[in-house]
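Visitor: Sequence first, predicted model second:
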Amino acid sequence: MLLPAISQKSKIILLLVLSTLGFVLLGTYTGSRLSSLMKQYDFSNSVSAGASKVVGIEVRLLTLAGMLDDLERSQVNQVKEDISVLSHSIEENKVLLAEVGLKNQAEQLTAVVEEFQLSVQPWLKVMSELGFNVDDGELGRLKVLAATIEFKIEETGMVTVNSDFQAMIKAQQNYLLSPSEQSLSLFNDAMTGFENVSNTYAMLDLYQTEIEDFKTTFKRVNRLSEELGRLEHKLAQNEASAILLVQDIDSRLKAISKQYHLTAQIAADKTKWSVLAACSVLALIIIASFVILSVSFSKTIAAITNVFNSIAGGDLSKRMITTSNPKDEFNQLAILINQSCINLGHLVEGVQVSSKALSDDAAKLDTNLDSLIVNQSEVLEQTQLLASATEEVSVTTKEVSNSLEFVADISRSSNQAAEEGGSTITQAIGTLEEVSTILNSAAGHIQQLEQASTKVDSVMDIINGIAEQTNLLALNAAIEAARAGDQGRGFAVVADEVRSLAVRTVDAVGEISGTIETMKKESSKVIQYIVHSSDSIQAGQKKGMEAMQALERITEKSDEVSHQTEIIFASIKELATTSQSMADSMVQISTSMKELEESTSIIRDTSQAVDQSSTKLNSDCQLFDVS
């Protein structure tokens, strides 16, 4: 996945933001689709409701038609209200019908209902005049006239006349039930027959007025019936047209509602599958992004582990691959690891160079010690010759021997303190080895080298002091030999040789001190390299402090040695008052030279230990591959 130069944290945040944006867009799309579906379903429901209302119009028409068949005068206003409600309902449904493409049908329905309404109004007028039943309107009047005539006939008791009258009434009723030319002709014949019979029996005058009113009323009823027939025929046609149109509109609305419902269902299915597809794609993108990030993290961690395993194995040449993205946390870590390997490699190289220089200095120290041992042997031989020539100074020699014996005890104490220091440093080296790095081992060797250098300095001070005293003793011996004259010439020659050896000893000590100073400088350079890893050798510093305390105890012992040496110097001064003290001084010199020989051996051992330590340090550094 290609991303700009940003950090891993920013990549994750960007991925989360994009995922959230994807879900928001998905929710927005889903909401819009659901809103569209709701509109379609609402419209479908509206169409269904419109179809129900159209069916209601049909029901109202049929109900209204039923009311017209059995209408009473008291129901006229109700019929008018129903017609008004029907018209209003049609007006309400015109908008819906126009929306679904049935505008023409809506207009046709409106026209048919208006015609029906226009037909009903004259029909109601005719019916109001004619009568809604036989007791109402003109029909009621005919009934009243017929009842009056019948009453008058019954008063006369004329059965024949009454029979003809009933035949006329029956013909009238037949005509009213089924108006036609034939029924009208039958009624007229019956009316003529009744009049003739009444005239025959001279009864016509009795109800002549009623007969005339009956004829006039019947004519009006006949005219109203004919008009009513035409109106009812037209009304029936309008009713049938309206019902057919309503049924057609209802079927169309149901089909449209079904079509909209089917369309909404198809759209719902499409929305469902599109949302599922979008969710799947979004999920795949998110999963792929996290998998890519996870693989990237795993590769980087594996590379870091490989580099650290190489460092643990001593290979400092391994480097991590870096990129040009300065904000990437893993890239920053790789840069720091590479820089740490470079710095550690420089440190190891510096330790290697310093350890080699230390080995060279140890070799030079061995050479100078060999020369010092030769000079010490010569001085010892001359001192023994002087001691044998001056037996008379035995008393003073004994005192000097006692002092020197105490010095030996102090020296042994110094050696013991030095051993304690060596033990402490060994513990420090053990602690440094627990850190599992070769640098801590180097620090221990350098501390040991500093201890050895301190010991060598102390011994060199002793040797230098002894050499100076030897020089003074030789000078005093030469003076005493000069006083003795010819008898002291041999003694003077020996004293001169002793003084010459003392001078050579001082020179050798100076060279050794210079070599030790060089060793200290090289040790300082090594310490400078070790300072860079001070965090790793804190435990070693603690043990180093213990070693310093042990060295301080050694210094205290050396001070005691110096103090006892001053006592020895005082004893030797006493030798200057008498010639006999010279022999004791020679014995003291002999003893001191032996001690010097022992110290030289110690220095040799220390030099060899330094050489071994530097060799081991160099071999340990060789374990690291810095190429």
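Guide: Received it, and whenever you're ready, just let me know what you need.
Visitor: Just the pLDDT at residue 419, thanks.
Guide: Residue 419 is assigned 67 on the pLDDT scale.
Visitor: Likewise for the one 4 residues further on?
Guide: With respect to pLDDT, residue 423 scores 70.
Visitor: Next: the one 10 residues further on.
Guide: According to the model's per-residue confidence, residue 433 sits at a pLDDT of 66.
Visitor: Residue 308 too?
Guide: For residue 308, pLDDT reads 80.
Visitor: and it, what is it in contact with?
Guide: Listed by Cβ atoms under 8 Å, 6 or more residues apart in numbering, residue 308 has no contact partners. Using the backbone N, CA and C atoms, a C-beta is placed for each residue, glycine as well.
Visitor: Regarding it, what is its secondary structure?
Guide: helix (DSSP: H, G, I helix; E, B strand; the rest coil).
Visitor: how close does it get to residue 93?
Guide: 84 Å (Cβ to Cβ, to the nearest Å).
Visitor: Repeat that for residue 240.
Guide: 20 Å.
Visitor: Between these two, which is the more surrounded one?
Guide: Using other Cβ atoms under 10 Å, the more surrounded residue of residue 240 and residue 93 is residue 93, with 23 against 13.
Visitor: shouldn't that one be in contact with residue 107?
Guide: No: contact status for residue 93 versus residue 107: not in contact, 11.8 Å apart, counting by Cβ atoms under 8 Å.
Visitor: which residues are common contacts for these two?
Guide: Contacts common to residue 93 and residue 107, judged by Cβ under 8 Å, 6+ apart, are absent.
Visitor: what's the neighbour count on the closest residue to residue 488 other than its chain neighbours?
Guide: In this structure, residue 488 finds its nearest non-sequential neighbour in residue 481, 3.3 Å apart by Cβ to Cβ, 6 or more residues apart in numbering. If you count neighbours by other Cβ under 10 Å, residue 481 ends up with 22.
Visitor: Mind jotting down where the helices sit in the stretch 201-350 of the chain?
Guide: Assigned by DSSP state H, counting those that start in this stretch, the stretch 201-350 of the chain shows helices spanning 208-312, 329-389.
Visitor: TSV please, covering those and showing distance to residue 166.
Guide: Listed next are those as TSV, based on distance: least, Cβ to Cβ, whole Å:
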stretch	distance to residue 166
helix 208-312	14
helix 329-389	123
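Visitor: Tell me which of those helices sits most buried.
Guide: Among the helices of the stretch 201-350 of the chain, judged by mean count of other Cβ atoms under 10 Å, the one packed with the most neighbours on average is helix 329-389 (a mean of 18).
Visitor: could you say what helices and strands it packs with?
Guide: Helix 329-389 makes packing contacts with helix 8-69, helix 208-312, helix 438-484, helix 489-531, helix 580-622 when contacts are defined by 3 or more Cβ pairs under 8 Å, 6 or more residues apart in numbering; DSSP states H and E.
Visitor: Does anything pack onto the fourth one? Which helices or strands?
Guide: Think helix 489-531. Using 3+ Cβ pairs under 8 Å, 6+ apart: helix 489-531 touches helix 329-389, helix 438-484, helix 580-622.
Visitor: hmm, 7 Å instead?
Guide: helix 329-389, helix 438-484 (3 or more Cβ pairs under 7 Å, 6 or more residues apart in numbering; DSSP states H and E).
Visitor: Now do that helix, average pLDDT.
Guide: pLDDT averaged over helix 489-531 gives 74.
Visitor: now it against helix 580-622, angle please.
Guide: Interaxial angle of helix 489-531 relative to helix 580-622 (axes from the mean of the first three to the mean of the last three Cα atoms, to 10 degrees): 30 degrees.
Visitor: Could you tell me the least trusted of the helices of the stretch 201-350 of the chain?
Guide: Among the helices of the stretch 201-350 of the chain, helix 329-389 scores lowest, with a mean of 74.
Visitor: now the angle from it to helix 489-531?
Guide: 170 degrees.
Visitor: roughly how far out does helix 329-389 sit from the chain middle?
Guide: Helix 329-389 sits 56 Å away from the centroid of its parent chain (Cα atoms, centre = their mean, to the nearest Å).
Visitor: list the contacts for residue 249?
Guide: By Cβ atoms under 7 Å, 6 or more residues apart in numbering, the contact list for residue 249 reads 54, 97, 102, 105, 109.
Visitor: and the gap between it and residue 187?
Guide: Taking Cβ to Cβ, one finds residue 249 at 45 Å from residue 187.
Visitor: And residue 210, by the same measure?
Guide: Taking Cβ to Cβ, one finds residue 210 at 17 Å from residue 187.
Visitor: repeat for residue 608
Guide: For residue 608, the distance to residue 187 - Cβ to Cβ - is 168 Å.
Visitor: more crowded one of these two?
Guide: Between residue 608 and residue 187, residue 187 has the larger neighbour count (other Cβ under 10 Å), namely 22 against 13.
Visitor: so the more buried one sits right up against residue 177, yeah?
Guide: No: taking contacts as Cβ atoms under 7 Å, residue 187 lies outside contact range of residue 177: 11.6 Å.
Visitor: how far does stretch 13-33 sit from the chain's center?
Guide: 18 Å.
Visitor: next one: stretch 144-163
Guide: 115 Å.
Visitor: Just the buried residues of it, please?
Guide: By neighbour count on 16 or more other Cβ atoms under 10 Å, the buried set for stretch 144-163 is 145-146, 149-150, 152-153, 158, 161-162.
Visitor: Equivalent analysis for stretch 478-495, please.
Guide: Result for stretch 478-495 [16+ other Cβ under 10 Å]: buried residues 478, 480-481, 488, 491-492, 494-495.
Visitor: which two from those end up farthest apart in space?
Guide: Greatest spatial distance among those (Cβ to Cβ): 480 and 494, at 11.7 Å.
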